[in-house]
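K.L.:
Below: sequence and its predicted model.
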Amino acid sequence: MVDDEVNIRKTLSLCLETEGHKVIAVSNFQDALTEASRKSFELAFVDLRLGVQDGLDLIPALLAASPWMKIVVITAYASIDTAVEAMRRGATDYIPKPFTPAQVMLAVHKVFEMRTLEQKLTALQEDLGRSHPEIDFSSTSPVMQRAVNLARQAAPSEATVLLRGESGTGKSVLARAIHSWSNRATKPISIVSCPSFSSELLESELFGHIKGAFTGAVRDNPGRIAACEGGTLLLDEIGDLPLSLQPKLLRFLQEREYERVGDYATRKANVRIIAATNVNLEKAVKEGRFREDLFYRLNVIQIEIPPLRECPEDVVALAERLLVFYGRSSHHPFAGFTKEALQALTEYHWPGNVRELSNVVERAAILCRADRVGIDCLPTNLVPAGSTPNIGDAVSLEKIEEQHIRRILASTKSLQEAADILGIDQATLWRRRKKYGI
């Protein structure tokens, strides 16, 4: 709240605080910028006349500090020209003085509805941009059920969560679920992969930087922590966090304070941290690659996600849900997997876990032309030795015919093309498919 009239500041602050909002009220341009440099704000009420300074000039300065901030201009000198100029500079709304509490609360509700819609749109765009489906957490495996139940219990708290498990087990998916089950669900969630950046770039990505902080810093960057205000930040593969950044993350976890690169102003943020790793952090601590104090600060609630090979009872259900998703994506509704294909899926070791299973099913959905995915559409490393007969093997002629038809169907674009290669008409091919459940 930025206004040089003390009565306006007191009245407006009381009105907003009565509704449960936290308010910082200042009287001038410089104090407003100082507060904006320390904390992230969702909404600012800005008077157009701040002594000898123009409130219009404050609008772009506040937006540079927090690009997502919404600004409502208030003024006793309302005119169409000033309203248009305020909007041009980035204001969201405009209220002439004198105003009533009802007008103020209407503006506040409009802003928060807009922010909620923006956050939902961002989440939807991220979902649409992902090429893989979300995996639900229904499981018949006791060890997986324990992990999900612990995640559900931890979600409503503010505790830091450490997700541990092999690569491909779904740690980032579970982190998103924890966020959606928490009280922060309407706020942003962001994922930063620690190995994806150099030490310098990772610091800038997390904490932000100011213009000119380093070569190439042509504008201010608020950083992921500021962008997640009120929400959740997932630090993926935290075991690869550079030693130089570990004290800074530890400080943020303890005090919720940090500085942008190149800036000495200390900022605060209300962000929950979830960390994920496939590294043995205890071993990394002993070897001096990971700070012991940071490990204990992260390890408040530890959730171990089991590898897929320890949940064999979930493989079929997961594969079938993935097949529905990829079938829908390719406009090819499948009736499921053949008995032989299901057996191959359940007997495989799955070193790549759920990610590998997803890739296998996506490949099968692309290659398969039949209603059911057969063993011939699975990668060769999944097919047990002897499950695909060759000419001269001690198997029936019928089995050879079935496998030959499956391979031809998988490698052709239409039933007519397959029938032509097989030397039969489409009606005969249809009967063979029905007979073999293809």
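P.N.:
Structure's in. What do you need?

K.L.:
For the stretch 51-200 of the chain, just list every one of the strands.
P.N.:
53-54, 70-75, 93-96, 161-164, 189-193 (DSSP state E, counting those that start in this stretch).

K.L.:
Who's the closest spatial neighbour of Ile225, skipping the chain neighbours?
P.N.:
Leaving out its chain neighbours, the residue that sits closest to Ile225 by C-beta to C-beta, 6 or more residues apart in numbering is Ala269, at 5.0 Å. Backbone N, C-alpha and C define where each C-beta goes, glycine included.

K.L.:
Looking at that neighbour now. What's its pLDDT?
P.N.:
Looking at Ala269, its pLDDT is 92.

K.L.:
From Asp31, how far out is it?
P.N.:
20 Å (C-beta to C-beta, to the nearest Å).

K.L.:
Those two: which has the busier surroundings?
P.N.:
When Ala269 and Asp31 are compared for neighbours, Ala269 comes out ahead with 20 against 14, by other C-beta atoms under 10 Å.

K.L.:
what's near enough to touch that one?
P.N.:
Listed by C-beta atoms under 8 Å, 6 or more residues apart in numbering, the contact set of Ala269 reads Lys39, Ser40, Ile225, Ala226, Cys228, Glu229, Phe252, Arg256, Tyr258.

K.L.:
mind listing which of those are in strands?
P.N.:
Tyr258 (DSSP state E).

K.L.:
Please convert the buried members of the contacts of Ala269 into ChimeraX selection syntax.
P.N.:
Of those, the buried ones can be selected in ChimeraX as follows, counting by 16 or more other C-beta atoms under 10 Å:
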select :39,40,225,226,228,229,252,258
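
K.L.:
of all the contacts of Ala269, which comes closest to Met144?
P.N.:
Distances from Met144 to the contacts of Ala269, taken as C-beta to C-beta, are shortest for Cys228 (28.1 Å).

K.L.:
what separates the residue nearest to Ile225 from Pro60, distance-wise?
P.N.:
In terms of C-beta to C-beta, Ala269 sits 22 Å off from Pro60.

K.L.:
Which of the contacts of Ala269 sits closest to Ser358?
P.N.:
Distances from Ser358 to those, taken by C-beta to C-beta, are shortest for Cys228, at 27.0 Å.

K.L.:
wait, doesn't the closest one sit right on Ile191?
P.N.:
No - Cys228 is beyond contact range of Ile191, at 10.1 Å (criterion: C-beta atoms under 8 Å).

K.L.:
Can you spell out the domain ranges of the chain, please?
P.N.:
6-120, 142-306, 309-436 (automatic domain parsing).

K.L.:
quick one: average confidence on the helix or strand harbouring Ser358?
P.N.:
Ser358 is part of helix 353-367, with elements assigned from DSSP states H and E. Here helix 353-367 scores 91 as its mean pLDDT.

K.L.:
Does anything pack onto it? Which helices or strands?
P.N.:
helix 315-329, helix 339-347, strand 372-373 (3 or more C-beta pairs under 8 Å, 6 or more residues apart in numbering; DSSP states H and E).

K.L.:
okay, the ones you listed, which one's buried deepest?
P.N.:
Ranked by mean neighbour count, the helices and strands packed on helix 353-367 are led by strand 372-373 with a mean of 25 (mean count of other C-beta atoms under 10 Å).

K.L.:
Would you mind listing the outside residues contacting that strand?
P.N.:
Residues beyond strand 372-373 that count as contacts (C-beta under 8 Å, 6+ apart) turn out to be Leu323, Phe334, Ala335, Gly336, Phe337, Thr338, Ala341, Val361, Ala364, Ala365, Gly437, Ile438.

K.L.:
Out of those residues, which two sit at the greatest distance?
P.N.:
Comparing every pair within the contacts of strand 372-373 by C-beta to C-beta identifies Val361 and Gly437 as the most remote, at 18.7 Å.

K.L.:
Out of the strands of the stretch 51-200 of the chain, which is closest to Ala419?
P.N.:
With distances scored as C-beta to C-beta, the stretch of those nearest to Ala419 is strand 189-193 (48.6 Å).

K.L.:
Adjacent strands (with direction) for the closest one?
P.N.:
strand 232-236 (parallel) (DSSP bridges).

K.L.:
how about the strand it pairs with: buried residues?
P.N.:
By 16+ other C-beta under 10 Å, the buried positions in strand 232-236 come out as Thr232, Leu233, Leu234, Leu235, Asp236.

K.L.:
Send me it as PDB with only the CA atoms.
P.N.:
Output in PDB follows, covering the C-alpha atoms of strand 232-236 (Å, rounded to 0.1, in the frame of the first residue of the first chain):
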ATOM      1  CA  THR A 232       6.400 -25.300  -3.900                       C
ATOM      2  CA  LEU A 233       9.800 -25.700  -5.400                       C
ATOM      3  CA  LEU A 234      11.100 -29.200  -6.300                       C
ATOM      4  CA  LEU A 235      14.900 -29.500  -6.400                       C
ATOM      5  CA  ASP A 236      15.400 -32.600  -8.600                       C
END
